[in-house]
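> below are the sequence and a predicted model for it; my questions follow.
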Amino acid sequence: MPSIAIDGARIVYEAAGQGPALVLLHSTASSRQQWAGLREALCGRFTLVAVDAYGHGDSDPWPGHRPITLADEAAVVARVIDRLPGRVHLVGHSYGGAVALRLALGSDRLASLVLVEPVSFHLLRDGSAFDAGLLDDIAPVADAVRGAVATGDHEAGLGRFVDYWNGAGTWAAVKPERRQALCRLAPAVAHNFDAAEGDPARLADCAGLRLPTLIMAGELTTRPAARIAARLATAIPGAECRIVAGAGHMLPRTHPAAFLEALSAHLDRAMTGRAKVHRLAAA
């Protein structure tokens, strides 16, 4: 399995298929295997490059010499992209979406961008009182995870986290072996919250993005995730927004057909020059 080394940590990624690179960034408490369902549909047209983030899948944990940032996570992905030819299409879900946005704000290697409910909580800091209230909505979940890491009661924190994003009662239905695996990810989940909350980027920075962009959200997702997606859809020039009916935050997993249809249509538009951003530029 290919990997890169950064500050003594080994970061693993997987590449399969042929054609332009499609780089895939998974959500918190997941791994590159989140994207396995795309292989059959897309490997004939694209080289799928799925990266395990710090502390997830087969990648080493964050070295811990200081708090991790989205810029640190984006630097890992940039190193992987440096090994790929040409411009790449970048897809990120949840925390992976926040990392993808951070990378897009400072990279000229992207052909297009897909953000699936990016948890870019930092974008709510400078918003309205309503936005501030949404930060209060997610804060108890982040605090529960951090507290779980501090006390060693990982199950309590991860249970709160899983139920918040997947619906009440989800954790109770998780099999014991899967619970144990998720509990081992508690430190990485806490790091992810720190990075997503602390990034210095503001919504106004997104106005400088000039590439075909698709933003996706589930109709039934959490209030903070819905608000972030909506604000990005208006802030990024020419961005298209797709709301998936009946879906929640984990829409790539729960609604794979709708996700694949939207992703494929976006890639077709981006590769043929029919994405909105190109029409706007020509006007």
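Done, it's in. Residues are numbered from 1 along each chain as shown.
> so where do the strands sit in the stretch 51-200 of the chain?
Using DSSP state E, counting those that start in this stretch, the strands of the stretch 51-200 of the chain run over 88-93, 110-116.
> closest one to residue 169 among these?
When the strands of the stretch 51-200 of the chain are compared for distance to residue 169 using Cβ to Cβ, the nearest one is strand 88-93, at 22.5 Å. The way it works is simple: take the backbone N, C-alpha and C, and place the C-beta from them, glycine included.
> what does the lengthiest helix in the chain rub up against?
Criterion DSSP state H: the longest helix present in the chain is helix 129-151. Applying Cβ atoms under 8 Å, 6 or more residues apart in numbering, the contact partners of helix 129-151 are 121, 124-125, 153-158, 160-161, 164, 186-187, 189-190, 193, 197, 222-224, 227.
> which ones are touching residue 241?
By Cβ under 8 Å, 6+ apart, residue 241 lies in contact with 214-217, 229-230, 233.
> likewise for residue 57?
If a contact means Cβ under 8 Å, 6+ apart, then residue 57 has 12, 26, 31-33 as its contacts.
> strands - which of these land there?
Of the contacts of residue 57, the ones assigned to strands by DSSP state E are residue 12.
> how far away is the closest residue to residue 52 other than its chain neighbours from residue 32?
With sequence-adjacent residues excluded and distances taken as Cβ to Cβ, 6 or more residues apart in numbering, residue 52 is closest to residue 59, at 4.0 Å. Distance from residue 59 to residue 32, counting by Cβ to Cβ, to the nearest Å: 9 Å.
> what of residue 185?
As judged by Cβ to Cβ, residue 185 and residue 32 stand 14 Å apart.
> helices of the chain, residue ranges please.
39-42, 70-82, 95-104, 129-151, 154-166, 170-173, 176-183, 186-198, 223-235, 251-254, 256-272, 276-282.
> which among those helices is found nearest to residue 8?
helix 70-82 (13.1 Å).
> what are the bridge partners for residue 48, then?
Beta-bridge pairing of residue 48 under DSSP bridges involves residue 16, residue 22.
> what is the neighbour count of it?
24 (other Cβ atoms under 10 Å).
> buried residues in the longest helix of the chain, which are they?
Of the residues in helix 129-151, those with enough neighbours to count as buried (16 or more other Cβ atoms under 10 Å) are 131, 134-135, 138, 141-142, 144-146, 148-149.
> what's the average pLDDT for it?
Regarding helix 129-151, the rounded mean pLDDT is 95.
> just want the angle from that helix to helix 176-183.
110 degrees (axes from the mean of the first three to the mean of the last three Cα atoms, to 10 degrees).
> may I have helix 129-151 exported as CSV, CA atoms only?
Provided in CSV are the C-alpha atoms of helix 129-151 (Å, rounded to 0.1, in the frame of the first residue of the first chain):
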residue,chain,number,x,y,z
ALA,A,129,-26.6,35.2,16.3
PHE,A,130,-28.3,32.2,14.7
ASP,A,131,-24.9,30.9,13.6
ALA,A,132,-23.5,31.4,17.1
GLY,A,133,-26.4,29.3,18.4
LEU,A,134,-25.5,26.5,16.0
LEU,A,135,-22.0,26.4,17.4
ASP,A,136,-23.7,26.0,20.8
ASP,A,137,-25.5,23.0,19.2
ILE,A,138,-22.3,21.1,18.4
ALA,A,139,-20.3,22.2,21.4
PRO,A,140,-21.7,19.6,23.9
VAL,A,141,-20.8,16.8,21.5
ALA,A,142,-17.2,18.0,21.1
ASP,A,143,-16.9,18.5,24.8
ALA,A,144,-18.2,15.0,25.4
VAL,A,145,-15.5,13.5,23.1
ARG,A,146,-12.8,15.6,24.7
GLY,A,147,-14.0,14.6,28.2
ALA,A,148,-14.0,10.9,27.2
VAL,A,149,-10.4,11.2,26.1
ALA,A,150,-9.4,12.9,29.3
THR,A,151,-11.2,10.4,31.6
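> can you report phi and psi for residue 119?
phi -90, psi 60 (degrees, to the nearest 10).
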